[in-house]
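1. Sharing a sequence plus its predicted fold:
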Amino acid sequence: MSTKENLLVVIDPTRDEHPALERAIITAKMRDSAPEIHIFIGVDGHSVDTSHRNPDMYSDVANFSALAKRMEKEGLEYTAEICWAHDWQKALLSSGKHFQTDMIVIPDYGDSEKGIRFSDSKWALLRNAKCPVLIVRPGAEYHRKTVLAAINAQAKDERYQELNDKIVSRGKWSAELYGADLHVVNAYTDTMNIPDRGSLLRKLGMDSDHVHIRQGAPEDVISEAAKELDADIVLIGTLARKGLLAAMRGNTSERVLTQLEMDVMALN
């Protein structure tokens, strides 16, 4: 994996906090070669009230100037664009393709008290992105101490095996970057489908106490492991779906994401 990446970082101009940008700055400062950062300023209409009555829909030049000054202060090179397309998700994917993005970094404010959930457009982004999507929550720790990678080792489908490899590889890379501990969790639902622990340990090349194989629904097992380990970030997999399946909600990765309160990286 290259140490230099192109990051597409999402800014919600209706907010005062920009956790996705803060995380991008943190990781950029940790790397020997800082990533190229492209800032995408746009509003997800599925999670924000875009009516003229919403005072947060109005901004001024000073806010954008402050953003530029912050990047200059950190000594980071960047480009930026302001997007007013109605379809936020498709516009974001188009921008990612244009800038040959290696990772998309988006904020998730989780305002459950305001009735704001993880929007349909963000679900669609996770399913259709060709690169990893990092979901950043406000208040995350500056320095990551524990990285948790969630895999499905018992899956026979070759696509899942490739996805497992991507998740573990990215987990090891993230753990090395932050000097963090890497843990792997694998859920299984019945005793007829238990992963072979010895084979998995040999494949992962990890200590036994850092590999957690537990019975239960994946969303419950992963969430419980993340809380027990006090994970700073959880890596999960999502496979793109087509046709009718693309419109359906409630697949495993979506159920996992709704139970996690820390940062999440989704790989496809």
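-> Perfect, I can see it now.

2. Would you mind measuring from A217 to T50?
-> Counting by CB to CB, to the nearest Å, the gap from A217 to T50 is 36 Å. For the C-beta atoms, the positions are set from N, CA and C on the backbone; glycine is no exception.

3. out of these two, which sits in the more crowded spot?
-> In terms of neighbours (other CB atoms under 10 Å), T50 is the more surrounded of A217 and T50; the figures are 16 against 13.

4. Contact partners for the more buried one?
-> Contact analysis of T50 by CB atoms under 8 Å, 6 or more residues apart in numbering lists 43, 57.

5. tell me which element it falls in.
-> Secondary structure from DSSP states H and E places T50 outside every helix and strand.

6. Need the phi and psi values for it.
-> Recorded main-chain torsions at T50 are phi -100, psi 10, according to degrees, to the nearest 10.

7. From V185, how far out is it?
-> Note on T50: its distance to V185, by CB to CB, is 38 Å.

8. Please apply the same query to T27.
-> Note on T27: its distance to V185, by CB to CB, is 23 Å.

9. got it, and C83?
-> With the distance defined as CB to CB, C83 ends up 36 Å from V185.

10. same check, this time on E158
-> Going from E158 to V185 by CB to CB gives 22 Å.

11. same thing with I104?
-> The spacing between I104 and V185, counted by CB to CB, is 24 Å.

12. next one: Q100
-> Computed with CB to CB, the distance linking Q100 and V185 is 32 Å.

13. neighbour-wise, which of these two wins?
-> V185 (24 against 11).

14. Adjacent strands (with direction) for the helix or strand hosting the more buried one?
-> For V185, the element it lies in under DSSP H and E is strand 181-188. Strands flanking strand 181-188 in the sheet, each with its direction: strand 146-151 (parallel), strand 211-215 (parallel) (DSSP bridges).

15. of all these, which lies closest to R127?
-> Distances from R127 to each of the strands paired with strand 181-188 were compared by CB to CB, and the smallest falls on strand 146-151, at 17.0 Å.

16. ok now that closest one, how far from the chain's centre?
-> Relative to its parent chain, strand 146-151 has a centroid offset of 12 Å by CA atoms, centre = their mean, to the nearest Å.

17. Am I right that Q215 is in contact with T191?
-> Yes. The pair Q215 / T191 is scored as a contact, 7.5 Å apart, by CB atoms under 8 Å.

18. Enumerate every residue touching S95.
-> Residues counted as contacts of S95 (CB under 8 Å, 6+ apart) are 8, 38, 40, 81, 83, 101.

19. ok, and the closest non-adjacent residue to the fifth one?
-> Translated: C83. Nearest residue to C83, sequence neighbours excluded (CB to CB, 6 or more residues apart in numbering): G42, at 3.7 Å.

20. do the same with the first one
-> Distances taken as CB to CB, 6+ apart put T101 closest to L8, at 4.2 Å, once the chain neighbours are dropped.

21. Over to the third one?
-> In this structure, F40 finds its nearest non-sequential neighbour in V10, 5.1 Å apart by CB to CB, 6+ apart.

22. SS state for that neighbour?
-> strand (DSSP: H, G, I helix; E, B strand; the rest coil).

23. where along this structure do the helices fall?
-> Assigned helices in the chain, in chain order: 19-30, 61-73, 88-98, 120-128, 158-178, 197-204, 218-229, 244-247, 252-259 (criterion: DSSP state H).

24. Let me have these in CSV, adding mean pLDDT and distance to N152 as columns.
-> Below are the helices of the chain laid out as CSV (pLDDT from 0 to 100; distance: least, CB to CB, whole Å):
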stretch, mean pLDDT, distance to N152
helix 19-30, 93, 27
helix 61-73, 87, 39
helix 88-98, 95, 25
helix 120-128, 86, 17
helix 158-178, 94, 6
helix 197-204, 94, 11
helix 218-229, 94, 8
helix 244-247, 40, 18
helix 252-259, 78, 8
